[in-house]
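Q: Please find the sequence and the predicted model below.
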Amino acid sequence: MHNPDEYKIEVIMNPHTWDNPTESYFWCILGWCNDTWCNSGCGWSISPEQAWKDANKYFNRMNLRKQKENDNVKI
């Protein structure tokens, strides 16, 4: 069973120069929703290492935005 706030980062380790000749390493953040993995964000980077950094940076921004939304909810 998955936690509804569960996320994973995937980095494609082989360059996809036919899709993006300058930043050919694809990354995505997948979140668990409705019993399946859903794309929560993605992008392209210049290397697998940079893709990991970019995905983490995106994930951290995503979490900050979520925290701000939760802080603004009045109970």
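A: Looks like it came in fine.

Q: phi, psi of the residue nearest the centre of the chain?
A: In the chain, the centroid-proximal residue (CA atoms, centre = their mean) is residue 29; its distance is 2.4 Å. Here is the backbone geometry of residue 29 (degrees, to the nearest 10): phi -110, psi 120.

Q: now the spatially closest residue to residue 25 that is not a sequence neighbour: how far from residue 66?
A: With CB to CB, 6 or more residues apart in numbering as the criterion, residue 25 has its nearest non-adjacent residue at 4.4 Å, and that residue is residue 51. In this view, the C-beta of every residue, glycine as well, is placed from N, C-alpha and C. Counting by CB to CB, to the nearest Å, the gap from residue 51 to residue 66 is 22 Å.

Q: who's more crowded, the two?
A: Neighbour count, other CB atoms under 10 Å: between residue 51 and residue 66, residue 51 has more, with 24 against 11.

Q: Next up, identify which helix or strand that one is on.
A: Assigned by DSSP states H and E, residue 51 belongs to helix 48-72.

Q: residues near residue 25, how many?
A: 23.

Q: I would like the residues contacting the worst-scoring helix or strand of the chain on mean pLDDT, please.
A: Of all helical and strand segments in the chain, the minimum by mean pLDDT, DSSP states H and E falls on helix 48-72, at a mean of 89. Contacting residues not belonging to helix 48-72 are listed as 7, 9, 11-13, 25-29, 40-41, 43-45 [CB atoms under 8 Å, 6 or more residues apart in numbering].
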